[in-house]
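S.K.: Fold the following.
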Amino acid sequence: MSEKSPSSLARMLMVLDFFTEDTPIWSVEDIAQKLEVSIPTCYRYMKMLVESGWLTHQSESCYTFGPRILVMDYYVRQSDPVLRASVPHMQELVAKTGFACVLSAFYGDRVLDSHHEKSDGKTFLSYGRGMPRPLFQGGAPKVILAHLPPRQLRKIYDGHAHELKKSGVPEDWSSFRAYYQQIKKQGFYYSAGELESHLGALSVPIEKVGQPGVWGALSLVAELSRFEVVDAQKMKQLLEVAIRSISQSLV
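M.R.: So this is what the prediction gives:
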């Protein structure tokens, strides 16, 4: 079999990536067309995915995500070592600052939030657990991308040209790389209204001890007006204390 021709199992698993916030329901005909397989073959894939709980019938020939997704999300919450190590520190940060605290991580070519620790204030985040973030906007994505190896960063740069054009980040490779090198050098990033016009976020990377790369990023999030009246350096120090403890617990 050619390397360019995915196996039947690979094709079947590809189906799960078709379901998004914009397209939560798919018909057999549309899936078959996207996979470039016959309708009978596609029905066979759907049957296996339904029986295993990954998909469920929306109607006779249309499908959406099934209950197994919820079960797996529960298992992730219980077993994710970064999440388990971070939550107590996130709760402490919220108690000390009154800001919301967000844990983010990099999966494949996406930055996702894995946990939000809410404050008692009015901070409202329109993005939530599992929702892909814009790659080139916001504090967490920027400190995470800043710590990627050059080859991996170049792959992100080449594969997301359209998104890059809308971000305000330098578009030529040398300037793009220098931009992220500067963020890595300063060790944090403050995002002022980049994702949501009324919110700011102070983000630091959760670095891996004794090896390159990061586990993710930790961010304190609040209204821009609140950032204007706090000691940003003190907030940064609180974040750094938390991420050092998290990193050490993951060794």
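
S.K.: can you give me the mean pLDDT across stretch 84-104?
M.R.: Average pLDDT, stretch 84-104: 94.

S.K.: For it, what is the distance to the chain centroid?
M.R.: 17 Å (Cα atoms, centre = their mean, to the nearest Å).

S.K.: Buried residues in that stretch, which are they?
M.R.: 85-87, 89-90, 92-94, 97, 99-104 (16 or more other Cβ atoms under 10 Å). (Each C-beta comes from the backbone N, C-alpha and C, glycine too.)

S.K.: before we move on, what SS does the closest residue to Q137 other than its chain neighbours have?
M.R.: Spatial nearest neighbour of Q137, excluding adjacent residues (Cβ to Cβ, 6 or more residues apart in numbering): E194 at 4.6 Å. In three-state terms, and counting by DSSP: H, G, I helix; E, B strand; the rest coil, E194 is coil.

S.K.: which SS state does M72 fall under?
M.R.: Under three-state DSSP, the three-state class of M72 is helix.

S.K.: please renumber so the chain begins at 636
M.R.: Sure, I'll start counting at 636 from here, so that last one is M707.

S.K.: tally of neighbours for it?
M.R.: Residues near M707, counting by other Cβ atoms under 10 Å, number 12.

S.K.: quick one: it and Y824, what's the gap?
M.R.: 31 Å (Cβ to Cβ, to the nearest Å).

S.K.: and if you look at S838?
M.R.: Distance, S838 to Y824, by Cβ to Cβ: 5 Å.

S.K.: Give me the common contacts of these two.
M.R.: G774, K777, V778 (Cβ atoms under 8 Å, 6 or more residues apart in numbering).

S.K.: my guess is the last one is in a strand, correct?
M.R.: No: inclusion of V778 in a strand is not indicated when three-state DSSP is applied; the result is helix.

S.K.: Could you check the pLDDT of it?
M.R.: At V778, pLDDT is 96.

S.K.: Excluding chain neighbours, what is closest to it?
M.R.: P840 (4.5 Å).

S.K.: just the second one next, same as before
M.R.: Using Cβ to Cβ, 6+ apart and skipping residues adjacent in sequence, the residue nearest K777 is Y824, 4.6 Å away.

S.K.: Return, as residue ranges, the portions of the stretch 686-835 of the chain with sub-threshold pLDDT.
M.R.: 756-759 (pLDDT under 70).

S.K.: which stretches of it form helices?
M.R.: Per DSSP state H, counting those that start in this stretch, the stretch 686-835 of the chain carries helices over the ranges 703-714, 716-732, 774-780, 785-794, 796-800, 808-821.

S.K.: Export the ones you listed to CSV and append columns for distance to D665.
M.R.: Converted to CSV, the helices of the stretch 686-835 of the chain look like this (distance: least, Cβ to Cβ, whole Å):
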stretch, distance to D665
helix 703-714, 20
helix 716-732, 35
helix 774-780, 31
helix 785-794, 24
helix 796-800, 23
helix 808-821, 36
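
S.K.: and of the ones you listed, who's closest to A867?
M.R.: Among the helices of the stretch 686-835 of the chain, the nearest to A867 by Cβ to Cβ is helix 716-732 (11.3 Å).

S.K.: Distance of R789 relative to Q846?
M.R.: 21 Å.
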